[in-house]
Every structure is written in structure tokens, then in C-alpha cells.
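[1] Coordinates only, no sequence provided:
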């Protein structure tokens, strides 16, 4: 049995209507209250309250407001002035309102939900609406800023007249998010549903920012009149603008050192040329990641005690590694002193991914172009030597051969043989030099003593002695490393008048190795010139040390020429990867 409280200002009309409602639905039990106080007292025991008072009159307003306090979960059906003729339709409305409790329907709304009278007075409200307006709810216009209250009331009027209206209104003064309001007429009341559209607005703003950034990026990258440096400067600027950060920088990582190549922003440690140990850089984690390393709040993410935070003090960071020709070059990063309020979005990360890929591609193309230029230089050098250096011994051989033929003196043939030997030396050296590429494709761990012994066996040592002072492992291309050592040994022997008294010393250093001898040494004024093509003081091809430098450059090693302790020459190689010997 459904308990219905009929609140009606006319006792006679109320009695007739109550009887008619019972006839229309025998499962309905109707109790009549003809005064506001009487209706309020009995409302908590009812399953539905039919309000026949006019909601515009003061008595109707007082009743509706009182019911919000005494029976907030009891469905209400507004039927001002209803009589027995309205019984059938009213019975249907009572059945509909009690089928599912109104509070349950409102609580199912994924936002603010309430039911108001045509004057805007809340009749019912879900939990979210009561949080905003209070419990019981007082004034629906508190949902929007004061300047929008008339707009909301106009929307209520529009729903009464048109059935449904939608309105966009900003957040209220207490910083509630922006909502889209849908107002729908339901008989004598209006439902008001407000859905949070801040996420949708944020997405739209994100989409606009992404489109603008991509358009600017396309304009920059497609402008081939700009140099790589100019375009790099521009993409650092674009990345900072897109992420809303102050710093953008490109790094070069060589071994355990990070160096800033280019940058945007005023951070003193992020200026071009600045270096720091990789162990103190955020980028050490970025190069270990398959994708980008994103830190929106360094302290919250546990970086406060990290050496990188202590050195740079960056509150947020987004960076990725740069790989060129399958080799790690460095990183492209964006950062700020202050943390971000939210994580980096997918579109922001995608934009930075695009920037890292472009930088990787451009660097790889530049390296390939530079390698081709070096190859062309070597080809030009080869042609120059063939046309000049080999022509000299060739002319000698031809001249001496002609003299031998004319004088029938075979002693001139010895000079022809010497000239041919000289040509063979030049050809062998040139071919070795021509094979030297600018980049080592792969390296492996090799033991210094093993390689130097192989090199010693490949050179005519004329009674000289080899001593390995300190042995260890070196990361190198085995074939190219062997060639470097062969040329150094041959250089020592060629420049010693008495090779049988010569000792060649080889050993490892902390970050490299050395080759020294007990020969005459090298004049300090000659130490730069000895690596130039054709430079010789001992009758060799003048290419041996040129090959040594080419192999060292290809590995990324540095050569320092000094005097050995006993006065001979000493070649020290640094920047060499030295793995620890296995236990």
C-alpha cells in the first residue's frame, strides 16, 4: 500500500480528490492535510506528498521549504489546484514518482543534480548538490557566480517554457570547476543537472596548444634556409613554450661526462660548454630509459637527495636520449626550477619525442655528411700523393734505369731497386691510410699484451726488445688497434740508428695506454708535425704516424707526445675505455 499525503488548501476539494485517487488506484492510501503545519507534521510517514498548494503563493513556498527539512527523501508531486477530475493523471504521476525514489535518481547523476520549482527554489538535491548548496539546499543560484545568477534563473524559465535548455556557465566563486547545465521541465518542476566539463575544456585547450606547436615546428623544420644551429635554437624555444618551462638544452655524453652543446634559459650550469660528471646529471636516468624520462615534481618523486637535484635544483624535467648512427650522442631535455602541478600529458611527451627524433636524424645526417667529406679528403689526399710522392721515386727509377742501359753499368740497378722499394712503402702506407674510416663500428675487450705481441711479430724489429710494463684490458677494434701498434713500433725502429740496443715499453694507464722507447726522442718543436702526411726524418714513407692518428681519432682517443724517462719518445693515449680485469 502506497501512503500518499494530500496537502490541499480546500477541505471539500481535498476529500473528493482523495476518494477519486483511491478509486483510480486501490493500492493507494490517501491522508488529507489542509494546513501547512499539518502537512509538515505528517510528511515523514508518507511515501509521496501531493502538493496542491500553489507554489507561487506564500503558503505553497512555506510548505515546499519545510518539506526539504522534514522529508527530504520523500517524493513530491506538484499539482496546484487539483480536483477529482485530475485523479487519473495524478495517480499515474504518484505511481511514477514512487516507482524509484527521487533521491536515488538524483544520486545517480554524475555531477550536481537537483529539482527546483519554477521560481528556482530547490525541492530535492543529490549529495553533490547538497555539498555545494548546503543541507537542506537553500538557493540554486549559489551554484554559479553572482554575475551568472540571473542567467541561471533565465535558464529555469526557459526550461519551463521550452521543455529543455542547455547553458554554459563558469565556476562559482569558490573555484568549483566549470559546468554545463541541462535544465529539463518535469511537470510542475525543473530538473537541474550540472556536469563538470573542465576535463573537456582542458582537452580542447591541450588540442589547441598541440596544433599551434606542431604548426610552428613544421614551419621551422621545413625552412631549409636555416642552419642546423638556428633550427635547434628554435626547437628548444618551442619545447619550452609547449611545456611551460624555462630551460631547454642539448647535451653530449662522452663516457662519464655530460657537456651542454646548446641551451635556452639562464640556468648557470646549463650553458653551452658547461660540463659535469654524468653521475650528477638527470640525464643519466634518461639514457637508461627506452622512452622519455618525465619528472613533474622532483621532490615528490624522491630526487631531493639525488646528486642531480643537489647540483642543478630542477623541480621538473622531461628528456630523452639522442641516438645517431646507432650510437648514443646525448640527450634533449626540458626543465624548470619549479615543479609542475600535474604530470606531463601524452601530447606533451609526444611533442618532445618528435623533437628528439628530429635532432637524432639531423645529427646522423650531419655525421654521414662529415664522414663523406673526410672520405673525399682522403681520396683527394691519395690522389695527391699518387700524382706527386710516387712520381718522385718513379722518375728516379726511370732515370737510373736509362743510365744503366746507356752505360751498361749494373750498379745503377741498385738505385732502381731502392726507388721501387720506396714506391712499395708509399703504396702500402697509402692503402692503409685509405682504409681508415672516421668511426669505429664496434669495439671489444682486448688484452694489451696480446695485441702488442702480435704487432711485434708483424714488424722487422732488427734485434730490438719489447717490454710490457703494465698489462690490462682495452676496449678497441682489434684490427685497427693492431695496426696502430705496428706503426708505432715500426716508427721507433726506423728512427733508431742501432735497433739492437732499442727497447720498446708498453703499458696501461688509468684511462688509456702508452708506447715508449729508448731511442733518440722527438724534438718538442716537431711533436705536432710528426702526424702530418709525408713527414719523416728516418727514410720511411712518412705515413706511419698519420695512420696512428687516424686510428686514434676513429676511436675517440687523444694522443699526447712526450719524452720517456730515459730520453726516448713516449706516446700516451687517453680517453680509452679500460674495463676492469676479471677477478
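    Structure's in. What do you need? Predicted, not measured: the structure shown is a model, and the values here were computed from it.

[2] Does anything pack onto the lengthiest helix in the chain? Which helices or strands?
    Taking DSSP state H as the criterion, the chain has its longest helix at helix 346-388. Helix 346-388 makes packing contacts with helix 198-221, helix 228-243, strand 316-324, strand 327-336, helix 411-435 when contacts are defined by 3 or more C-beta pairs under 8 Å, 6 or more residues apart in numbering; DSSP states H and E. Yep, even glycine has a C-beta here, placed from its N, CA and C like the rest.

[3] and residue 500, which of these is closest to it?
    Proximity to residue 500 (C-beta to C-beta) singles out helix 411-435 among the helices and strands packed on helix 346-388, at 22.0 Å.

[4] I figured residue 453 hits residue 461, correct?
    No: taking C-beta atoms under 8 Å as the definition, residue 453 is not a contact partner of residue 461, at 11.6 Å.

[5] Next, format the helices and strands packed on helix 346-388 as CSV and append distance to residue 493 and mean neighbour count.
    As requested, those are exported to CSV (distance: least, C-beta to C-beta, whole Å; neighbours: other C-beta atoms under 10 Å):
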stretch, distance to residue 493, mean neighbour count
helix 198-221, 55, 14
helix 228-243, 46, 19
strand 316-324, 40, 25
strand 327-336, 36, 24
helix 411-435, 14, 16
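
[6] Go through the ones you listed and name the closest to residue 128.
    Comparing these by C-beta to C-beta, helix 198-221 comes nearest, at 14.6 Å.

[7] Please work out which residues outside the closest one touch it.
    177-178, 226, 231, 234-235, 238, 241-242, 345, 347, 351, 354-355, 358 (C-beta atoms under 8 Å, 6 or more residues apart in numbering).

[8] just how off-centre is that helix within its chain?
    Helix 198-221 sits 17 Å away from the centroid of its parent chain (C-alpha atoms, centre = their mean, to the nearest Å).

[9] show me the contacts for residue 505.
    Here residue 505 is in contact with 467-469, 514-518, 564 (C-beta under 8 Å, 6+ apart).

[10] can you pick the most crowded of the residues you listed?
    Within the contacts of residue 505, most neighbours by other C-beta atoms under 10 Å means residue 517, with 27 neighbours.

[11] Endpoints of stretch 184-203, how far apart?
    End-to-end distance of stretch 184-203 (C-alpha to C-alpha, to the nearest Å): 27 Å.

[12] For that stretch, list every residue counted as buried.
    184-185, 188-197 (16 or more other C-beta atoms under 10 Å).

[13] next SSE after the longest helix of the chain?
    helix 391-407 (DSSP states H and E).

[14] if we can go back for a sec, quick check: of the buried residues of stretch 184-203, which lies closest to residue 8?
    Using C-beta to C-beta, the buried residues of stretch 184-203 come closest to residue 8 at residue 188, 14.7 Å.

[15] returning to that earlier point: could you list which of the buried residues of stretch 184-203 belong to helices?
    Counting by DSSP H, the buried residues of stretch 184-203 contribute nothing to helices.

[16] With respect to pLDDT, which of the residues you listed ranks lowest?
    In terms of pLDDT, the lowest of those is residue 188, showing 67.

[17] Residue 450 and residue 142: what is the separation?
    As for residue 450, its distance to residue 142 is 86 Å (criterion: C-beta to C-beta, to the nearest Å).

[18] Quick check on the two: which one has the bigger neighbour count.
    A count of neighbours by other C-beta under 10 Å puts residue 142 above the other of residue 450 and residue 142, at 18 against 13.
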